[in-house]
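Asker: pasting a predicted model and its sequence here:
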Amino acid sequence: MIQTKLRGMGVALITPFKEDENIDFSALGRMVDFILQNNADFLCVLGTTAETPTLTEEEKQQVKKFVIERVNGEVPILLGVGGNNTKAIVDALKQDDYTGVDAILSVAPYYNKPSQEGIYQHFKAISEATNLPIVLYNVPGRTGVNMTADTTLRIARDFKNVVAIKEASGDITQMDDIIKNKPDNFDVISGDDGITFPLITLGAVGVISVIGNAFPREFSRMTRLALKGDYEHALAIHHKFTELFKLLFVDGNPAGVKSILSVMGMIKNKLRLPLIPTRITTYEAIRKVLNELNIKY
């Protein structure tokens, strides 16, 4: 079953750019190799962290093809296929090639602000358009609407190919409600690095991580220890990163993690507008924390 594969630490893969803002495929290859060599359990491709809204359709296809070939079946691939135009997503699911894709991640519709019934009907249409396993994505801070626990559970019960939710509502009570009442064939995955540890203690099965781009070995170790019930050692790693969790998002995502990766020499510190690199003050604070962490690869 796919939901048992999407356990542990998945990495929400960034898209590296050159100075001229073209995709840096050699850096992307380095990133994929680095993440796989340091114990990531799966990859999330073309999600929010990939700056997908600023990629052309041709670029998205190029990234998908490149990553699938580079991973070569080593770990599952979760592909972002979402939006606020239900028909366009349904058409893409029916027409595009998903060879090498293990599951799709589909965000709750943004900007339109649909009702809970509208969200349910949206995911009903997506579920019926594909045989691929589907992971829901609830991130009200970006979409403008919260998918409630009741709606999530209704979708989970009604559509067997909906296998999990990436929960980034920030509402622990809501997440706990889903974990407590979900069907057996449905999992909860943290969508927020900072609450991964507490969420796993409640019954979540892992995380789709931003910080995992830079620290896959440490963060996958924290996740695995927590899943095994070794909360003492998992908590020690969690606390090591708490300051970095805050710095990662203070100037927006993926500006924080891209600045970390540039300090590490992995990529150029380049984003596409309307996103811009972190402020100098944030950048220096990140450098200071990295020096204190003293993690060697």
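Answerer: It's in.

Asker: tell me what the strand or helix carrying residue 177 is packed against?
Answerer: Following DSSP states H and E, the helix or strand that holds residue 177 is helix 172-181. Of the remaining helices and strands, those touching helix 172-181 by 3 or more Cβ pairs under 8 Å, 6 or more residues apart in numbering; DSSP states H and E are helix 149-158, strand 162-167, strand 187-190, helix 196-202. (Glycine included, C-beta is placed from N, CA and C.)

Asker: between those, which gets nearest to residue 130?
Answerer: Between residue 130 and the helices and strands packed on helix 172-181, the tightest spacing by Cβ to Cβ is seen for strand 162-167, at 10.6 Å.

Asker: all strands of the stretch 51-200 of the chain, in order?
Answerer: 77-80, 103-107, 134-138, 162-167, 187-190 (DSSP state E, counting those that start in this stretch).

Asker: give me the angle between the fourth one and helix 172-181.
Answerer: The reference is to strand 162-167. Between strand 162-167 and helix 172-181, the angle formed by their directions is 160 degrees, by axes from the mean of the first three to the mean of the last three Cα atoms, to 10 degrees.

Asker: what angle sits between strand 162-167 and strand 103-107?
Answerer: Counting by the same axes, to 10 degrees, strand 162-167 lies at 50 degrees to strand 103-107.

Asker: over to the third one?
Answerer: Taking the same axes, to 10 degrees, strand 134-138 and strand 103-107 form an angle of 20 degrees between their directions.

Asker: give me the contact list for strand 134-138.
Answerer: Identification of contacts with strand 134-138 by Cβ atoms under 8 Å, 6 or more residues apart in numbering yields 6, 47, 78, 82, 103-108, 123, 126-127, 146-147, 152, 155, 159, 161-169, 189, 191.

Asker: now do that strand, average pLDDT.
Answerer: The average pLDDT for strand 134-138 rounds to 98.

Asker: which one's the longest helix in this structure?
Answerer: helix 231-249 (DSSP state H).

Asker: how far does the helix or strand where residue 29 lies sit from its chain's centre?
Answerer: Assessed by DSSP H and E, residue 29 sits inside helix 25-37. Averaging C-alpha positions (Cα atoms, centre = their mean, to the nearest Å) puts helix 25-37 17 Å from its chain's average.

Asker: now stretch 181-191
Answerer: Average the C-alpha atoms of stretch 181-191, do the same for its chain, and the two points are 16 Å apart (Cα atoms, centre = their mean).

Asker: straight-line length of that stretch, end to end?
Answerer: End-to-end distance for stretch 181-191, by Cα to Cα, to the nearest Å: 19 Å.

Asker: hang on, the earlier thing: out of the strands of the stretch 51-200 of the chain, nearest to residue 36?
Answerer: The closest of the strands of the stretch 51-200 of the chain to residue 36 is strand 77-80. By Cβ to Cβ, the value is 11.4 Å.

Asker: what packs against the closest one?
Answerer: Using 3+ Cβ pairs under 8 Å, 6+ apart, strand 77-80 is in contact with strand 42-45, helix 57-71, strand 103-107.

Asker: out of the ones you listed, which one sits most buried?
Answerer: The densest packing among these, expressed as mean neighbour count by mean count of other Cβ atoms under 10 Å, is seen in strand 42-45 with a mean of 26.

Asker: which residues touch residue 243?
Answerer: Residues in contact with residue 243 (Cβ under 8 Å, 6+ apart) are residue 289.

Asker: how about a cut-off of 10 Å?
Answerer: 285-286, 288-289, 292-293 (Cβ atoms under 10 Å, 6 or more residues apart in numbering).

Asker: just to revisit the earlier point, buried stuff in the helix holding residue 177?
Answerer: Under the neighbour-count criterion of 16 or more other Cβ atoms under 10 Å, helix 172-181 has 174-179 buried.

Asker: residues contacting it, please?
Answerer: 138, 146-150, 152-153, 156-157, 165, 167-169, 171, 186-188, 190-192, 195, 198-199, 202-205.

Asker: go on, stretch 112-122?
Answerer: Outside stretch 112-122, the residues that touch it by Cβ under 10 Å, 6+ apart are 82-86, 89-90, 106, 108-109, 136, 138, 143-148, 150-152, 154-155, 158-159.

Asker: buried only: go through those for me.
Answerer: Taking 16+ other Cβ under 10 Å as the criterion, what is buried in the contacts of stretch 112-122 is 82-84, 86, 89-90, 106, 108-109, 136, 138, 143, 145-148, 151-152, 154-155, 159.

Asker: residue ranges with poor pLDDT in the stretch 1-150 of the chain?
Answerer: 1-4 (pLDDT under 70).

Asker: got the angle for the helix holding residue 29 vs helix 57-71?
Answerer: Relative orientation of helix 25-37 versus helix 57-71 (the same axes, to 10 degrees): 40 degrees.
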